[in-house]
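> I need the structure of the sequence given here:
(one chain, ligands or ions: 1)
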Amino acid sequence: MVFDRATVAYDRVPVLENVHGTVESGRTVAVIGPDGAGKSTLMKALLGLAPVVSGSVTVLGCPPMQARRRVAYVPQVDALGPDPRVTVAQAVLMGRYRSLGWVRRPTRTDRAIAARALETVGLTHRAGDRFEALPGGQRQRVLLARAIAQQPYLLLLDEPFDGVDVLSQQALLSALAAMRSAGTSVMMSTHDLALAHLTCDSVWLLNRRQFGSGPAAVTLTSEKLRTTYHGGSPQHLPHHRPRHHLSRHRAE
Ligand SMILES: Nc1ncnc2c1ncn2[C@@H]1O[C@H](COP(=O)(O)OP(=O)(O)OP(=O)(O)O)[C@@H](O)[C@H]1O
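Numbering: from 1, shown residues only. Now for the predicted structure:
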C-alpha cells in the first residue's frame, strides 16, 4: 500500500494533506492522532470510499477500488457489525461473500476457510452461539475472524483493542501475528502507545497531515506527540467517541 503525497478531501475541503508512506507486505503500521485527525478517512481512502484529490493512493499496485476484494476492514466492536441475530459461524462466513458474489452459495471450502478463521481467534467453541450473546472482546474476535476469512492482503483495524478484555487482547494479538507471518499488511488506528510499540513496525502520527512516521522507538517521542496533539497527550484526551461512519458507509 502506497500513499504518494495524497490529499483526501470531502466536497473539495481537504481532510488529509500530503500523506506519504508505504506499508510493505507483512508489515504493521499504527495510525495515531486525536479525534477528528483523519484516521478513519485514511482507511476510507484505502477502501476507495474517500476521494483522493491530489497525489495518489495505491493498494497492491492498483487504485483502491480495484483492490477492494483484497482489503478487509474490522470496525470498532460497538460499531455496526453483522446482524446481531446471526450465529458466530454465519458472521464469519460473511467474510467469504465478496469472493462468492451474491448468487453462489458457500462451498465446503468456504466453510472450511471460515472455520479455520474462527479457530485462529480461539472461538471454535462459540460457533453456534448468537453473535449478540457474546461479550464485547469476543465479538471483536469474531469481526477479526470475518476479516481473516476474506483472506485479505491488507487488513484495516479501527481501534481493535478498545474496551477488549485481556484474554481477547491476547487472542487478537496472536491472530494478527499469524496474519503478518502469512504476509498480510496491517494498518490499525489506536490511542494505545504501548500497543503500537509492541506490535507495530512503524507508526504514522496524523492530525490532518503527517507529523511523523517511522519505527515507534524514534517516532513516539514526547515532542512529536505534543505537536501532533497540539500540546495535549493521548492519555489526557477525552475518551474518543465510537465511530460508526465507516461501517455505515460500507452498508450503503
Ligand atoms: N463524509 C464526510 N464528509 C465530510 N466531512 C467528513 C466526512 N467524514 C469525516 N469528515 C470530517 O473529516 C475529519 C476527519 O474525520 P475522521 O473521522 O477521518 O477522523 P478520525 O481521526 O477517524 O476521528 P475520530 O476518531 O473522531 O473518528 C473530521 O473533521 C470529520 O468531521
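> Around the ligand, which positions in the stretch 1-150 of the chain sit nearby?
Contact residues, the stretch 1-150 of the chain versus the ligand (C-beta under 6 Å from any ligand atom): Y10, V15, G33, D35, G36, A37, G38, K39, S40, T41. Bear in mind the C-beta positions are built from the backbone N, C-alpha and C, glycine included.
> out of those, which are buried?
The neighbour-count test (16 or more other C-beta atoms under 10 Å) marks V15, G33, A37, G38, K39, S40, T41 as buried among these.
> Mind checking which of the residues of the stretch 1-150 of the chain next to the ligand are in strands?
Judged by DSSP state E, those include Y10, V15 as members of strands.
> Okay, and which of the residues of the stretch 1-150 of the chain next to the ligand map to helices?
For these, membership in helices holds for K39, S40, T41, with DSSP state H as the criterion.
> Would you agree the second one is in contact with D158?
What that stands for is S40. Yes: here S40 reaches D158: they are 6.8 Å apart, a contact under C-beta atoms under 8 Å.
> Tell me the one of the ones in helices among the residues of the stretch 1-150 of the chain next to the ligand nearest S185?
K39 (16.6 Å; C-beta to C-beta).
> how close does the closest one get to L16?
Computed as C-beta to C-beta, to the nearest Å, the K39 to L16 distance reads 9 Å.
> what do these two both touch?
In terms of C-beta atoms under 8 Å, 6 or more residues apart in numbering, K39 and L16 are both contacted by the residues L206.
> average pLDDT for stretch 22-41?
What stretch 22-41 shows for mean pLDDT is 94.
> now do stretch 152-166
If you average the pLDDT over stretch 152-166, you get 91.
> Next: stretch 137-149.
For stretch 137-149, the mean pLDDT works out to 94.
> Show me where the stretch 101-250 of the chain dips below the pLDDT cut-off.
Low-confidence regions of the stretch 101-250 of the chain, defined here as pLDDT under 70, cover residues 101-103, 231-250.
> Which stretches in it count as helices?
In the stretch 101-250 of the chain, the helices defined using DSSP state H, counting those that start in this stretch lie at 108-120, 136-149, 166-181, 193-199, 216-219, 222-228, 245-251.
> Out of the ones you listed, indicate the one that is most buried.
Of all those, helix 136-149 has the most neighbours on average by mean count of other C-beta atoms under 10 Å, namely a mean of 26.
> Next one: the nearest residue to D165 once chain neighbours are set aside relative to D83, how far apart?
Counting by C-beta to C-beta, 6 or more residues apart in numbering, the nearest residue to D165 once its immediate chain neighbours are dropped is G137, at 4.3 Å. Look at G137 and D83: by C-beta to C-beta, they are 20 Å apart.
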